[in-house]
Structure formats: structure tokens, C-alpha cells
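Novice: below: sequence and its predicted model.
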Amino acid sequence: MDNKIIYNNETKEIQFHGDITSFVFYNELLLALREHYKNNGVKKVPLFSFMYVNYFDPLVVPNLIGIGYILKSIHKGERTPLLFARIDTTKFLDEIWFFDNVGKPKTKSEIIGNIVNGQIYAIENNYVMGEDLYDFDPRYLGFYNNQNQQNLNNLEHKVRIYDDDSYSYYKEFKTSTSEELDAIRTDKFNDLKPFIEKHFSNIISKINDERQIKTILKVITEIVCNSVLYSGSSCAAMLQSRNNKTIISISDFGVGFEYSFNKKKEKFGDEYKDVFKEFTEEEQIKYKNYIYIFETLE
């Protein structure tokens, strides 16, 4: 089976085929969306079909949540229809709480770890989850077959969404000193740290190296903190630990490079303004985005 994401004009679906890796997701989904809008116009919400998926790379899952946020925003609150069957890939997404996160809000109960003085204690946690991003039939969840093709992924690893009113932070840019902004960031880091420790402690507790555990917790807290603080949005995070390797995937759905840089640097881009004059307005947008990316990578 080919690994691809295509727009099928006959069924009017964006179909996910084969093994959906980050490479496939980034290289083909936007092309499929372009075909959808070219054929249906911007008012028609795209329909995603997972009927032909053989495998979802865990790194892709936060991106699936992210594209759900973006499409809901584009279509003024309308959810993206989602098709799937009772197959192993659906079981995988169900077990890692993808559907709980993107479906209608509901109360979820879980046993999670609480770290006290380096020791992990199990506690029960109840909270409401569900961002109402995708429209799907929940009757197709459960009663899966036993082939278990996804057994290379640890189903204890759940995808998490972290919300934050980050725009209140951005409002401080005009009046706050750098020291005050650092204090805001430190407070947010300290707020998030206990939640992240609880959410991911069941996974990393299986790592025997205590120093490595602390490093992983610090890294993922730092990344999540940066995402919610600087993007002005929520973010989805997933951590996978297997074969002596720990992989973290983060996806936020925020304000973009331009807004962030313009807030951080009052005159950002002024040094390029004479260069931009020779381009059309459409070309200027494209080249400005190149500059934002270059600045980010510096």
C-alpha cells in the first residue's frame, strides 16, 4: 500500500493511505487540502477518511489535533467530518485518547502518577476533556479485532492538550520590562510543571536513570511552556519512550512567526523594507515569511 494523503474528487474525501509518518503528513496533507478547496470552494469543510490507514506515527497525532483547530477556525466553528472503521489504527488513536481530545467535551477519569520527593504515587484524576474539533460517529469506537499491528507503540502514552490564555501575556509587551516578562514566563513554567509531571510520570517511571527522568521532564515542560506562552494558543503534546529512545512531539496552533517577532522587536523587518519594494504585495508576504523563518533559526 502506498503511503500518501490524497484528495479523492469522486468521494469528496481527503484520504489517508498506508503508513502516515511526519514526512507524509507535511508533504502531502496541504496539497490534498489545496485540491479540496480548488474543487469545492472555501466554504466547504473538508472530510478526512482514515479508512485506508495502516499505521499512524505517534509524532503525527499532535499535528492531527493542530489541523483540527486550524480548520475549525477557518470554517467559523464548523467541525471537520472524520470517517474511520473498527481497525487497528482506530484502536491506537482511541487508546491514546485522540478521540477524547478532539470529540465533544466529557468527563474523563484516569489513574496518574504524582511525584513527591522523587517517589511516584498513583492518584485518580477527573477532568473535562474534548475540544469538539472533529465530527465522528462514536459507535465505531470499541470492539476492535485482535491483530494488534500497533503493538510497537506503548498505549500508556496519551496525547495531551494544554490550554492557556496567552494573549494576556502578549498584552504586557508594550508596558513590561524584560525582567517582568521573564517573571511571567517563570510563573507559567511553575504552573505547568506539576501537570506535566503527573501526565507523563507513568511513562518515564520505567526509565531506570533518575537523571534522565528529570531531564525529560524539564525538556517537555520547557517546550510546552514555550508553545502556550508564545503561540497565543493551546498545544498538543505526546511523548513516546521505547527502545531506549524518548521522542517528544509538540504542535501549537498559534499566532505565527510574524506576530511574535513584531511583538519582540518593534522595528523588526525595517532593514528589509527597501528590498520589498520591488516585489508585488503577494510576493512580499512570501518573502517576509522566509525572513521570519531565518530569524527563528538563528
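Specialist: Great, that's in hand. Bear in mind the structure is a predicted one, so any value in this text is a computation, not a measurement.

Novice: what about the strands in the stretch 101-250 of the chain?
Specialist: 106-116, 119-129, 134-135, 160-162, 235-242, 245-252 (DSSP state E, counting those that start in this stretch).

Novice: spit out the contact partners of residue 29.
Specialist: By C-beta atoms under 8 Å, 6 or more residues apart in numbering, the contact list for residue 29 reads 5, 14, 67. To be clear about C-beta, it is placed using only N, CA and C from the backbone, and glycine gets the same treatment.

Novice: same check on residue 134?
Specialist: Residues near residue 134 by C-beta under 8 Å, 6+ apart: 48, 68, 79, 80, 81, 82, 102, 103.

Novice: so can I have a markdown table of those residues showing pLDDT, secondary structure and neighbour count?
Specialist: Compiled in a markdown table, the contacts of residue 134 are given as follows (pLDDT from 0 to 100; DSSP: H, G, I helix; E, B strand; the rest coil; neighbours: other C-beta atoms under 10 Å):
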| residue | pLDDT | secondary structure | neighbour count |
| --- | --- | --- | --- |
| 48 | 98 | strand | 24 |
| 68 | 95 | helix | 23 |
| 79 | 96 | coil | 19 |
| 80 | 97 | strand | 21 |
| 81 | 97 | strand | 15 |
| 82 | 97 | strand | 20 |
| 102 | 95 | helix | 27 |
| 103 | 95 | coil | 21 |
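
Novice: pull the most distant pair out of those.
Specialist: Farthest pair in the contacts of residue 134 (C-beta to C-beta) is 48 and 103. Separation: 14.0 Å.

Novice: helices of the chain, start to end?
Specialist: Counting by DSSP state H, the chain has helices at residues 22-40, 61-74, 88-95, 98-102, 167-170, 178-204, 210-230, 256-264, 273-276, 281-297.

Novice: so which of those gets nearest residue 242?
Specialist: Nearest to residue 242, of all the helices of the chain, is helix 178-204, at 9.7 Å by C-beta to C-beta.

Novice: okay, now the spatially closest residue to residue 73 that is not a sequence neighbour: neighbour count?
Specialist: Of all residues not flanking residue 73 in the chain, residue 253 sits nearest, at 8.0 Å (C-beta to C-beta, 6 or more residues apart in numbering). A count of nearby residues for residue 253, using other C-beta atoms under 10 Å, gives 20.

Novice: and what of residue 23?
Specialist: Every residue meeting other C-beta under 10 Å relative to residue 23 is counted, giving 12.

Novice: swap in residue 226?
Specialist: 16.

Novice: do residue 33 as well
Specialist: Residues near residue 33, counting by other C-beta under 10 Å, number 18.

Novice: residue contacts, it?
Specialist: Under the criterion of C-beta under 8 Å, 6+ apart, the neighbours of residue 33 are 7, 14, 46.

Novice: could you measure from it over to residue 10?
Specialist: Computed as C-beta to C-beta, to the nearest Å, the residue 33 to residue 10 distance reads 17 Å.
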